[in-house]
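Novice: structure, please.
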Amino acid sequence: MSFESIMLLRFEVIIALIIFILLIMKLNDADNKVKVFLTVANILLVLNFVAGFIPIGEGVLFSGFFKTSGLIVLEKNILNLGVMLISFTAYTWLLNNKNRIEFYILLLSSLLGVYTMISSGHILTLYLGLEMSTIPLAALANFNKSMKNSAEAGLKLILSSAFSTGIMLFGISLLYGAVGNLGFEYVAAHLHPDMLTLFAFTFIVAGFAFKMSIVPFHLWTADVYEGSPVAVTSFLSVISKGSVIFVFVSVLYTLFAGLKEAWVYEITILAILSMTIGNLFAMRQQNIKRLLAFSSISQVGFVLVGIAGASVTGTSASIYFVLIYMMSNIAAFGVIGAIADTTGKETLSSYKGLYKASPFYALILAMSLFSLGGVPPTAGFFGKLFLLTSGMGNGLYVLLAFAAMNLVLSLYNYLRVIKIMFIDEAEETLPVIGKNFFLTVALVICVTGILAIGFIPPIYQYISSLSVGM
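Specialist: Below is the predicted model:
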């Protein structure tokens, strides 16, 4: 393999090397020196993130099965940043977990599958990457082996994943029967809006909908989020979901561009259902992880509003929003993880009086919730503004009306948590919640992003310039 080919595979090669290094460290019992190992692991992830900015050209490998472009490199860099920050926030939890090397190997194996999926130029590569990214997540969801709800989370994730895989494979087989080839370029050039193709499209979209927790394929989400360790929940909500959004946008806008008139209405219905049901179910939750699970369903509904715009604006707005959503959610789950590590509690009532006990964590969580709610001047406001602008460009005014209504509903859910932290009196004195260097750095980076991204126009302009050539 030539040097140019290795450079095109740079992201995958680096992650494979890190996994190999971790295996060598496991064989030498390097994780017995816990703090040293976690520091080394975090440094490796920092180097992986920095290496993503080395200039790389566009190209195709393996007869079109693998491709890379400026937009794909950007998407992988966003995910690299997210994995690095999640690792930082999990530092305290991993200090007390004996299987910390296994955690990183499973996490990076899932990330390797994500890379394969994003760079796919063939539907079989896409399917392979999707499964490579999902199977390690089932093991991660069941990482707290002594807890019943963690075992339940792993079982529900693997069963729902198997079901969605079957649905997607059936759609792929129908598509192959309709077109005779599964290469992206060939399918896009020979696709015709006949009944068989529409059936194939519907089943393939249903498979994606399971992975993205789109209503009515969302029933696994809250239980898996609640039962999984906080770091795994953060990975599920940000990296796993964000990567599928990247691929879903690419599949709709390239592979199924010829069916745009049909799928715009389907996406519109799914967006309305996801936004509304996600917000309504979030209102009755008393566990903060379950609340954020239904919040994530609602957030995907807003992404679908932008996707329904069926334009370059939809692509750039979706990627921009995923970046902001990643910062907001990792900050929120970082605080939730710190509190859970100290108190062992995840109920909303355990957050009463948090501002008096730990103003730093209360302000970070409030900032992330404001961003998720789209409150100015946070970056979440600009993210949702661009998504709604994309939907407006396609004249989807009914969808925009539902989106406006759900903005109000989502604010209630987020303000309820903020009210509990800042106004409600604690029933008992909260313990001092500890800090560590890595967690503090991750939270500061996330809050800086939440406050700054919306006010730096070149970020959106750069994403938009890359989206034009998609």
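Novice: just how off-centre is the helix or strand harbouring Phe20 within its chain?
Specialist: In the assignment (DSSP states H and E), Phe20 maps to helix 10-27. Relative to its parent chain, helix 10-27 has a centroid offset of 23 Å by CA atoms, centre = their mean, to the nearest Å.
Novice: and if you look at stretch 9-24?
Specialist: Mean-position distance between stretch 9-24 and its chain equals 22 Å (CA atoms, centre = their mean).
Novice: same question for that stretch, mean pLDDT?
Specialist: Average pLDDT, stretch 9-24: 89.
Novice: give me the residues contacting it.
Specialist: 6, 41, 44-45, 48, 51-52, 54, 56, 61, 66, 73, 76, 80, 101, 104-105, 108-109, 111-112, 115-116, 119 (CB atoms under 8 Å, 6 or more residues apart in numbering). The C-beta positions use only the backbone N, C-alpha and C, and glycine is treated the same way.
Novice: just for the stretch 1-150 of the chain, where's the confidence low?
Specialist: Applying pLDDT under 70 to the stretch 1-150 of the chain flags residues 1-3, 5.
Novice: now do the contacts for the closest residue in space to Ala153 that isn't next to it in sequence.
Specialist: Distances taken as CB to CB, 6 or more residues apart in numbering place Gly227 nearest to Ala153, at 2.9 Å, with adjacent residues excluded. Neighbouring residues of Gly227 by CB under 8 Å, 6+ apart: 141, 147, 149-154, 156.
Novice: could you measure from Gly227 over to Asn28?
Specialist: 33 Å (CB to CB, to the nearest Å).
Novice: between the contacts of Gly227, which is closest to Ser318?
Specialist: Closest approach between the contacts of Gly227 and Ser318, by CB to CB: Ala141, at 25.9 Å.
Novice: and Pro377, how many neighbours does it have?
Specialist: 13 (other CB atoms under 10 Å).
Novice: same check on Glu58?
Specialist: Counted with other CB under 10 Å, Glu58 comes out at 13.
Novice: coming back round to it: name the next helix or strand following the helix holding Phe20 along the chain.
Specialist: Per DSSP H and E, the first helix or strand lying C-terminal to helix 10-27 is helix 34-51.
Novice: just the helices from the stretch 1-150 of the chain, written as ranges.
Specialist: According to DSSP state H, counting those that start in this stretch, the stretch 1-150 of the chain carries its helices in the segments 3-8, 10-27, 34-51, 70-89, 91-95, 100-118, 123-141, 148-179.
Novice: nearest to Ser465, out of those helices?
Specialist: When the helices of the stretch 1-150 of the chain are compared by CB to CB, helix 70-89 sits nearest Ser465, at 8.5 Å.
Novice: got the angle for that closest one vs helix 100-118?
Specialist: 160 degrees (axes from the mean of the first three to the mean of the last three CA atoms, to 10 degrees).
Novice: are any of the contacts of stretch 9-24 buried, and if so which?
Specialist: 41, 44-45, 48, 52, 56, 61, 66, 73, 76, 80, 101, 104-105, 108-109, 111-112, 115-116, 119 (16 or more other CB atoms under 10 Å).
Novice: distance of the nearest residue to Ile6 once chain neighbours are set aside relative to Tyr104?
Specialist: Residue nearest to Ile6 in three dimensions, not counting chain neighbours: Val13, with 6.2 Å by CB to CB, 6+ apart. Per CB to CB, Val13 is found 17 Å from Tyr104.
Novice: next: Ala189.
Specialist: From Ala189 to Tyr104 the distance is 42 Å (CB to CB).
Novice: before we move on, what about Ala139?
Specialist: 13 Å.
Novice: Leu27: neighbour count?
Specialist: Neighbourhood size, Leu27 [other CB under 10 Å]: 9.
Novice: wait, what's in contact with Tyr91?
Specialist: With contacts defined as CB under 8 Å, 6+ apart, Tyr91 is in contact with 38, 42, 436, 438-439.
Novice: any idea how far stretch 411-419 is from the middle of the chain?
Specialist: 22 Å.
Novice: and that stretch, average pLDDT?
Specialist: 90.
Novice: list the buried ones in that stretch?
Specialist: Buried residues in stretch 411-419, counted by 16+ other CB under 10 Å: 411, 413-414, 417-418.
Novice: equivalent analysis for stretch 389-409, please.
Specialist: Buried, per 16+ other CB under 10 Å, within stretch 389-409: 389-394, 396, 399-400, 402-403, 406-407, 409.
Novice: and stretch 451-470, by the same measure?
Specialist: 453-454, 459-460, 463-464, 466-467.
Novice: check the burial of Ala206 by counting its neighbours.
Specialist: 19.
Novice: and the helix or strand hosting it, what other elements does it pack with?
Specialist: For Ala206, the element it lies in under DSSP H and E is helix 195-212. Contacts defined by 3 or more CB pairs under 8 Å, 6 or more residues apart in numbering; DSSP states H and E place helix 195-212 against helix 148-179, helix 241-250, helix 260-282.
Novice: for it, what is the average pLDDT?
Specialist: Computed over helix 195-212, the average pLDDT equals 88.
Novice: likewise stretch 164-172?
Specialist: 89.
Novice: Asn32: neighbour count?
Specialist: Asn32 has 8 neighbouring residues, counting by other CB under 10 Å.
Novice: show me where the stretch 301-450 of the chain has strands.
Specialist: Here the stretch 301-450 of the chain has no strands by DSSP state E, counting those that start in this stretch.
Novice: now the buried residues of stretch 389-409 in CSV, with distance to Ile21?
Specialist: Output for the buried residues of stretch 389-409, formatted as CSV (distance: CB to CB, whole Å):
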residue, distance to Ile21
Thr389, 45
Ser390, 42
Gly391, 45
Met392, 49
Gly393, 47
Asn394, 48
Leu396, 49
Leu399, 48
Leu400, 49
Phe402, 49
Ala403, 46
Asn406, 45
Leu407, 45
Leu409, 47
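Novice: which of these sits closest to Met132?
Specialist: Ser390 (30.6 Å).
Novice: next up, the contacts around the closest one.
Specialist: Going by CB under 8 Å, 6+ apart, Ser390 touches 305-309, 311, 313-314, 317.
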